[in-house]
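Chemist: sequence first, predicted coordinates after that:
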Amino acid sequence: MRTVLVVVICGMLAQCVSAAEPTASLRAVLLQARQLDDVRAATLRLAEFNAVVLPVTANDESSRRALHRACATAQRHQLPCFFWIEVARCPALADKRPELMASLQGHPEWRRFFPNSMQPADDEVVKTYPWVPIMSREGFDAQLSRVTKLLDGLPIPDGLFLNDLQGAPSACGCGHPLCRWTTDYGPKRSTAKLGPDAAAQFVDAVSKAARVPRVIPVWATECEAHDKQTLCAGVACYEGLCWKEFVKQLTPLAERPGPLALLLPFRAFERDLPIYPDHAGWIREAIELLQTQPARHRGTPVAPQRLIAVLQGWDVSQREVLAQIAQAQLAGAGGFIVSQVPIDQSWEPRIMSWKK
């Protein structure tokens, strides 16, 4: 039954992919290493997918064996094999080094989601668990060491996607899941802040340390004007610092050659709204925002053909998967990844001591 279902889904995707060429150069599926066997690989090839992306979450013996097997399977079926690593959202590092987590010191609107969260004392701060961004010197170094160790002993992939290179959700305190432009919107800092080129520097550092041929950053977009009374809860984020700082951080990546992936799980980000065509129309809007907003804020726009759209393949219908692909291709994206693995973007407040 499972194989039949996969064939049906991939067959439907093949119709959409075939109709959209030649814009989609990368047509990949993100799935767990243990899910990739010869039957699945052959089915993906029949559906005209041309690559697989495998998450790397641990480096124990069992995980290494699974990734080695999956890479060998992909090679037998002539499918390029990419790895995917979640960077900022890292429970293990947050538990080990809680002082490195982002904090919530700005607008209090995030509390509508956590009404029972206590107020911090003067020597305490609310941290965004389990997010450890690379936008501080200490977080950068800890994450670089972690990512390098995760890749140690694994096959060299055709490329590596690094997700969550920005701050934590609700960065300014508004509660919006796409507000990620800062790590500490207030004076209580337990880390040393880096400049707006931190993500670009991290990509370079990982590429050098891990000797991966292509390191592809995965970016999330920002809020939109209509979010003010909903996801921004009345905070004027759109006309405030959010997009201005977003553009400052994006520009060092935009000025580099090579692709940039855009994280677009429309339902997980609460963007399946009737204001967007076919509900998945936000995907097209988000891709266009990476051209219009940098132009508006004196940054470098990202041409759509450079973008790889990361689409939601979990907890959605087959029709919705097709709609997402269609919207990405209408926007001119240079490729797409359908993620069959849930990409967890959740967070919760944690109060901890803070020292000046």
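Modeler: Happy to help now that I have it. Note that the structure is predicted; figures quoted are calculated from it, not measured.

Chemist: as CSV, could you dump the C-alpha coordinates of stretch 205-214?
Modeler: Output of stretch 205-214 as CSV, limited to C-alpha atoms (Å, rounded to 0.1, in the frame of the first residue of the first chain):
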residue,chain,number,x,y,z
ALA,A,205,33.3,28.7,7.3
VAL,A,206,31.3,25.6,6.8
SER,A,207,32.4,25.2,3.2
LYS,A,208,36.0,25.5,4.2
ALA,A,209,35.8,23.2,7.3
ALA,A,210,33.7,20.5,5.7
ARG,A,211,35.1,20.6,2.2
VAL,A,212,31.5,20.4,0.7
PRO,A,213,31.4,21.5,-3.0
ARG,A,214,28.3,23.6,-2.6
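
Chemist: low pLDDT regions in this structure?
Modeler: Along the chain, the parts satisfying pLDDT under 70 run over 1-24, 356.

Chemist: which stretches of it form strands?
Modeler: Taking DSSP state E, the strands of the chain run over residues 26-30, 51-55, 81-86, 124-129, 159-163, 215-219, 260-264, 307-312, 335-339, 348-353.

Chemist: which among the ones you listed is found nearest to R146?
Modeler: Of all the strands of the chain, strand 81-86 sits nearest to R146, with 8.9 Å by Cβ to Cβ. Where you see a C-beta, it was placed from the backbone N, CA and C, and this is true even at glycine.

Chemist: wait, isn't R111 in contact with S117?
Modeler: Yes: at 6.0 Å, R111 counts as touching S117 under the criterion of Cβ atoms under 8 Å.

Chemist: report the contact partners of A41.
Modeler: By Cβ atoms under 8 Å, 6 or more residues apart in numbering, the contact list for A41 reads 52, 73-74, 76-77, 79.

Chemist: would CSV of these with neighbour count be doable?
Modeler: What follows is those, written out as CSV (neighbours: other Cβ atoms under 10 Å):
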residue, neighbour count
V52, 27
T73, 20
A74, 23
R76, 11
H77, 15
L79, 22
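
Chemist: with only the CA atoms kept, save stretch 124-132 in PDB.
Modeler: Only the C-alpha atoms of stretch 124-132 are listed here, as PDB (Å, rounded to 0.1, in the frame of the first residue of the first chain):
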ATOM      1  CA  GLU A 124      16.700  37.200  34.300                       C
ATOM      2  CA  VAL A 125      15.800  37.100  30.700                       C
ATOM      3  CA  VAL A 126      13.200  35.200  28.600                       C
ATOM      4  CA  LYS A 127      15.000  33.000  26.000                       C
ATOM      5  CA  THR A 128      13.600  31.500  22.900                       C
ATOM      6  CA  TYR A 129      14.000  27.800  23.300                       C
ATOM      7  CA  PRO A 130      15.600  25.900  21.500                       C
ATOM      8  CA  TRP A 131      17.000  28.500  19.100                       C
ATOM      9  CA  VAL A 132      20.700  29.200  19.100                       C
END
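
Chemist: pull up the gap between the residue nearest to H297 when sequence neighbours are not counted and N163, please.
Modeler: Closest residue in space to H297, ignoring its immediate chain neighbours: V247 at 4.1 Å, by Cβ to Cβ, 6 or more residues apart in numbering. Distance, V247 to N163, by Cβ to Cβ, to the nearest Å: 20 Å.

Chemist: on that earlier part again, quick one: which of the contacts of A41 is nearest to E239?
Modeler: Checking these against E239 with Cβ to Cβ, the nearest one is V52 at 41.5 Å.

Chemist: please name the residues that touch V147.
Modeler: By Cβ under 8 Å, 6+ apart, V147 lies in contact with 85, 87, 162, 206, 209-210.

Chemist: pretty sure E245 contacts A198?
Modeler: No: with contact defined as Cβ under 8 Å, E245 does not reach A198; the gap is 12.0 Å.

Chemist: on that earlier part again, surely the residue nearest to H297 touches R298?
Modeler: Yes: with contact defined as Cβ under 8 Å, V247 reaches R298; the gap is 7.4 Å.

Chemist: so for these two, which residue has more residues nearby?
Modeler: More crowded of V247 and R298, by other Cβ atoms under 10 Å: V247, with 23 against 10.

Chemist: show me what contacts the more buried one?
Modeler: Counted by Cβ under 8 Å, 6+ apart, V247 has contacts 293-294, 297-299.

Chemist: could you dump the contacts of V147 to TSV with distance to S346 and neighbour count?
Modeler: Shown next, in TSV, are the contacts of V147 (distance: Cβ to Cβ, whole Å; neighbours: other Cβ atoms under 10 Å):
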residue	distance to S346	neighbour count
I85	18	22
V87	16	25
L162	19	25
V206	25	23
A209	29	15
A210	28	21
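
Chemist: want to throw those residues into CSV with distance to W314?
Modeler: Output for the contacts of V147, formatted as CSV (distance: Cβ to Cβ, whole Å):
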residue, distance to W314
I85, 18
V87, 20
L162, 20
V206, 26
A209, 31
A210, 28
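
Chemist: now, among these, which is nearest to K355?
Modeler: The shortest approach to K355 among the contacts of V147 belongs to V87, at 25.8 Å (Cβ to Cβ).

Chemist: quick one, what contacts the closest one?
Modeler: Taking Cβ under 8 Å, 6+ apart, we find V87 in contact with 134, 143, 147, 162-165, 202.

Chemist: in TSV, list those residues along with distance to R69.
Modeler: TSV is the format used below for the contacts of V87 (distance: Cβ to Cβ, whole Å):
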residue	distance to R69
I134	31
Q143	27
V147	22
L162	23
N163	23
D164	27
L165	29
F202	29
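
Chemist: most surrounded residue in these?
Modeler: Among the contacts of V87, I134 has the most neighbours (other Cβ under 10 Å), with 30 neighbours.

Chemist: residues in contact with that residue?
Modeler: Residues in contact with I134 (Cβ under 8 Å, 6+ apart) are 87-88, 140, 143-144, 165, 194, 198-199, 202.

Chemist: kind regards, and thank you for your time.
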